[in-house]
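*Asks:* The following block contains a protein sequence and its predicted model.
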Amino acid sequence: MCIFYLVAFLFGLTAEQCSSELIEDSSQSFMERMHTGKTSFIYFGNHVNPTIKLFMEQLEMSADALEDYGISVVKVNCSKDAIENYCTGEKLMTKAHLFRGSEVLRSFDIDTVFDVNAIVSHVLFSVLFNEVHYVHTPAELLRVERAAKQNSDIVVGHIPVLGLPEHRALMEAAFVYGTKYQFVQTTGSLVLKHMGVAESSSSQARLWFLHCKGVSSQSDPCPSVPMRKPLKTINIHTFLQLMEAPLVTEAEVDPSEVDVVHIHLSVPVLFLFSHAQTQHLDRATAQTLSLQLRGEVGVVLISRESPNVKTPLKYNAAYRLPQEDVKYLTLNSAEEVMKLFKEELLQEHKIEDEEGDEEQWSDLDILDDEVSESVYRDRDHMPDLESVTELTSDTFQTTVTQNDITVVLFYFKWDAVCKAFIQSYIEVADALEGVSGVELAAVDCGELTDICSDQNITSFPTIMIYRPMVAAQPYRGMLGTKSLHTFILLSLVFSPSHLSSSAEVTSFLEGDLYSKHVDLSAVRVLGLFSSLQDTGVTSFEEAARLLRGETILGLFANKEAEQWVEGLSVNLPALLVSRGPGVPYEVYSIPSSSPTDQVSLIKRVELDHFPELTVENLPWYLELGKPLLLLFIGKEDSTESTKSLAEIKRPLSSGQLDSFLPCWIHLGRTPVGRSVLEKYLGFVPPLPALVISKLRTGGEVFLFPPERPLMAKNILQWIHDVENGQEQPAGLIPDGKWGPPVPFFDFLAIMDQEAPTYAAQKGPKMKNGGREGNRQQRPNQKQTPHPSPNPQAPRQHSEL
Ligand SMILES: *[C@@H]1O[C@H](CO)[C@@H](O)[C@H](O)[C@H]1NC(C)=O
Ligand SMILES: *[C@@H]1O[C@H](CO)[C@@H](O)[C@H](O)[C@H]1NC(C)=O
C-alpha cells in the first residue's frame, strides 16, 4: 500500500516512491470494473512496438501515482481478451481511455499522455473537471472572483503547456486543496497580461493566490500574490501555507525566540519593533511591508513594552534567513527594507522572467497540437442566456414569488451536462415568450452557492418550479426541449380542476375543457368522490399537485358522481380515464391511500394499451412486468408501418395479447431503438420488424419471420409457436452481468436514470430513492434493481 497522498505531499515525496502495479484486466475483470463506478485509466493494447513499450513503462509508473487519488491504471491485452468496441478499429493501441464506471470521461491519444507527468496531469485535469475552473479571458477570471468573494480564496495557475511537471503539480495541489480553495487554470496570454506579466515571458508556468475570502465589497478586487518560486509541488504547498499565515504576527519576545510558521517552512522572517507611542504607525508600516513581501518573507512586529524583549535600542529591525541566526539592523525607511530583501536576500530561486529553461521548452512545437487538443474545453463557450433571467441572491426571492410559475434552472457552468442542457433551456424560454405568468430563470451554482444550498440543490442540472405560497416542485422529466416545454405549459393548468356538474365532467373528459392542451396530453384523469368530505379527497388533491405538469386531472366530488360508475363493478371513490374523444373511458377504484400511492396509481392507469415507447415512458411500461411484443418501425411513416400497427391492434380488444405488452418504437423519434434492436439481434432486420422480448429476465428474443406477411392471423400463430417452444430465438438479451461498453447502449440504464420518482414535499435529493420504502415484489415479476412505482395499486379494471 502507498502512503496516503497527503502525507507524501506534505513531505515533498514524489508518489513514484510507492509501488503499485499496473493491473491487467481480462474481459471478466473489465466487465466487473465497469460496474464498480470507480475511475480507471485504461489502455487497450495489442502487440508491442518500441513506442508502445516506452508508453507502457510510463503507464506503469503512473499506476503508483494515480493510486493515491483512487484511480486505477489498467491495461487490457486485446490479443488475449478482445473486448468489444475497444479492441477493434484503427484507433486501437494509440488511445487510452479514462472511465468512470462504464462511462468514458475522456479518451487520450497516447502522444498526449506521453509520460507519467502527462498521464497524471491529464487524468486529474479530467477528473477535476468540475473543481478546476478553466478560464481564458480576464473577464472569466473576474467572474470566478466575484463568486468567490467572502467565500473562498482562489489559486490561479498559468500553465503554458499541458502535461508537463508544472501542470501535474498544479493538478495534484488542486486534488489535495480543491475543497479549500477555488482552483483556476489558464493557458492563454490574456490572463497573464491581466495579472501584470509581460507577454514575452508567457512560456513560464506561474501561480497566484487571490485573497477573495476577506473581500466583502464587490467593487474591491481580490488582493493577489504571485508565487515567485518555480511551480513545483513542494513550493505550492509552502506558498499556500504562507498565504494562510497572518499578514503580521505580533510578539513579545526577542527575535531569536519568535516561533512562526515561516521558520518551519524555511522562509526568511523580518522583525520590526514597536513602541507604545508609535504603535499605530509601526503596525501600519509592518502591514505595508508584509503586503509587499507576502509569500516570500514573514513579518513579525515585536513590542518593546514587553520586559522579555532585550534587543538593544539601537536596532530597529532584524531578519532571519533559513537555517541562520538572527541579524540585527538599523534602517531608516521601509524602502530600505524592501531594497535589502528584494535586491539581496531573495535573489535565489526566483522565477526567471526572461529566459526559461530552454531545453525544457524545446518540445514546444511538437506539443502544440496536443495542447490545442487538450484545451478543448475552452472552445465550448457558455451560450448567452439572453431570454433567461439570471438570478442573484438579491433577486431570487422576489422573482420566484412574483409569477404564477417561475422555472429555475440550477446549473454549474463547468459541468458538461449543464452546458449541453442550457441550449435547450434557452430554446424553451424563447418558445414560451409571450406566455403570461411564466418566467424562466437560472442560477449559476458555481457563483451563488448560498442560494443553491438553501434550496437543497445537490445535483446539476436541477430544475425547480416555484409558485407563490407553495413548496417548490422539482422537474423530473427528461432534459430536453420538448419535454420541458410541455411540462411548463401543462403546469399552468390548475390541478385538479374542480368540476361542479356532470356536464362539466363530460366537457373535461372529451377534451373541450383545456382544449388547447389536447396536443400536449390527450389523456384526462378524473377523480370521482361522493363528496368533498370523502377521506381520499385530500390525498387526491395532493397527488394532483405532485403531478402538475404531467397529467391533467379533474375532481368531481358530488352526489352525481355515483352515476358515472353505475352498473360497473367499481364503487366510489374511483378514477375515470379518458384517452381522447371517442375512446371508451376506463374506470378504476381508488383505495384509501397516501398521495404518493395515488400518484403511482394515476401514472399506471394513464398507460396506453398499445403505447409508442419512448425513453421517457418506458420505465412505466416495463413496470408492468410483461414480455414485450414490440414493433420497430422505420424513420419514414410508410403505409406499411401504419398497416402493421393496425394488424397488431386488431387482436388487442379480444384479449388475445393479454400476456404481452404490445408496443412500438418509432426509430425516427426514438433513435436509441435502433441500437436496442441491434443489441437484440446482432443486426438490423428490414423494417417494420416485430419482436418478442422478455426484456427484464435475461431471456430470449424472437423475431417475426421477415418473409411472412405481418398480419393479425400470422402474428397470433407466431406467438402461439413462440409460447410452445416451436420458434428459434433470434437473439439473447444480455444478462445482468452484461456491462455496456458505452452507456448509450444500455437502454435500460438510460431509461432508469430518467425514471421519475414522486415523493411529497421532497426536494431533488430524493432522485432515486423516493419509492423504495414501500416496494413489494409482484408474484409474476422478478426482482430487478430498477426503481419501480408502488405495485400495491389495485388491479381492478373494467372498461365502460
Ligand atoms: C499481449 O500478449 C501477447 C502474447 O501473450 C504479447 O506478445 C504482447 O506483448 C502483449 N501486449 C501487451 C500490450 O501487453
Ligand atoms: C432544505 O432542507 C432542509 C432540511 O431538510 C429543510 O429544513 C428546508 O426547508 C429545505 N429547503 C427547501 C427550500 O426546500
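*Replies:* Thanks, I have it. Ligands and ions are numbered 1, 2, ... in the order given.
*Asks:* Right, and ligand 1 sits closest to which residue of this protein?
*Replies:* G45 (3.0 Å; C-beta to the nearest ligand atom). Any C-beta I mention is one placed from the backbone N, CA and C, and that applies to glycine too.
*Asks:* Could you pull up the residues touching R168?
*Replies:* R168 makes contact with N117, A118, V120, S121, L124, according to C-beta atoms under 8 Å, 6 or more residues apart in numbering.
*Asks:* need the contact list for the residue of the chain closest to ligand 1.
*Replies:* Counted by C-beta under 8 Å, 6+ apart, G45 has contacts I52, M56, K75, V76, N77, C78, M93.
*Asks:* What about these, which one has the most neighbours?
*Replies:* Using other C-beta atoms under 10 Å as the neighbour criterion, V76 leads the contacts of G45 with 23 neighbours.
*Asks:* Geometric centre of this protein: which residue is closest?
*Replies:* F460 (5.2 Å; C-alpha atoms, centre = their mean).
*Asks:* What confidence value was assigned to that residue?
*Replies:* If you check F460, the pLDDT there is 77.
*Asks:* helix/strand/coil for it?
*Replies:* coil (DSSP: H, G, I helix; E, B strand; the rest coil).
*Asks:* The one 4 residues further on now?
*Replies:* Three-state assignment for M464 (three-state DSSP): strand.
*Asks:* What residues are bridge-paired with it?
*Replies:* Here M464 sits in beta bridges with V408, P474, going by DSSP bridges.
*Asks:* Just give me the neighbour total for it.
*Replies:* Counted with other C-beta under 10 Å, M464 comes out at 22.
*Asks:* Kindly provide the distance from it to ligand 2.
*Replies:* To ligand 2, M464 is 9 Å away according to C-beta to the nearest ligand atom, to the nearest Å.
*Asks:* Let me see the contact set for that residue.
*Replies:* If you count contacts by C-beta under 8 Å, 6+ apart, then M464 has V407, V408, F410, Q455, I457, A472, Q473, P474, Y475, P764 around it.
*Asks:* Same question for the fifth one, what's its three-state structure.
*Replies:* On the three-state scheme (three-state DSSP), I457 is labelled coil.
*Asks:* domain ranges for this structure?
*Replies:* 2-127, 133-242, 245-359, 374-491 (automatic domain parsing).
*Asks:* still on that earlier bit, look up how far ligand 2 lies from the residue nearest to the centre of the chain.
*Replies:* Distance from F460 to ligand 2, by C-beta to the nearest ligand atom: 16 Å.
*Asks:* Excluding chain neighbours, what is closest to the residue located most distally from the centre of the chain?
*Replies:* No residue in the chain sits farther from the centre than K314, which is 63.9 Å out by C-alpha atoms, centre = their mean. Of all residues not flanking K314 in the chain, T330 sits nearest, at 6.1 Å (C-beta to C-beta, 6 or more residues apart in numbering).
*Asks:* Phi and psi next, for the one you found.
*Replies:* Dihedral pair for T330: phi -120, psi 120, per degrees, to the nearest 10.
*Asks:* so where's the stretch 101-250 of the chain shaky on pLDDT?
*Replies:* By pLDDT under 70, the low-scoring segments of the stretch 101-250 of the chain are 199-201.
*Asks:* In it, what residue spans correspond to strands?
*Replies:* Here the stretch 101-250 of the chain has its strands, by DSSP state E, counting those that start in this stretch, at 103-109, 132-134, 154-158, 182-186, 206-210, 224-226, 248-251.
*Asks:* Turn these into CSV, columns for distance to ligand 2 and mean neighbour count.
*Replies:* Listed next are the strands of the stretch 101-250 of the chain as CSV, based on distance: least, C-beta to the nearest ligand atom, whole Å; neighbours: other C-beta atoms under 10 Å:
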stretch, distance to ligand 2, mean neighbour count
strand 103-109, 29, 17
strand 132-134, 27, 21
strand 154-158, 28, 25
strand 182-186, 24, 24
strand 206-210, 31, 24
strand 224-226, 36, 17
strand 248-251, 41, 18
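*Asks:* For K626, which of the ones you listed is the nearest?
*Replies:* Smallest distance to K626 across these (C-beta to C-beta): 30.6 Å, for strand 103-109.
*Asks:* mind saving the C-alpha coords of that closest one as PDB?
*Replies:* Presented in PDB, the C-alpha positions along strand 103-109 are these (Å, rounded to 0.1, in the frame of the first residue of the first chain):
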ATOM      1  CA  GLU A 103     -18.700   5.900 -18.900                       C
ATOM      2  CA  VAL A 104     -15.800   7.200 -20.800                       C
ATOM      3  CA  LEU A 105     -14.900  10.500 -19.400                       C
ATOM      4  CA  ARG A 106     -12.300  11.200 -21.900                       C
ATOM      5  CA  SER A 107     -10.100   9.500 -24.500                       C
ATOM      6  CA  PHE A 108      -6.500  10.400 -25.000                       C
ATOM      7  CA  ASP A 109      -4.000   9.900 -27.800                       C
END
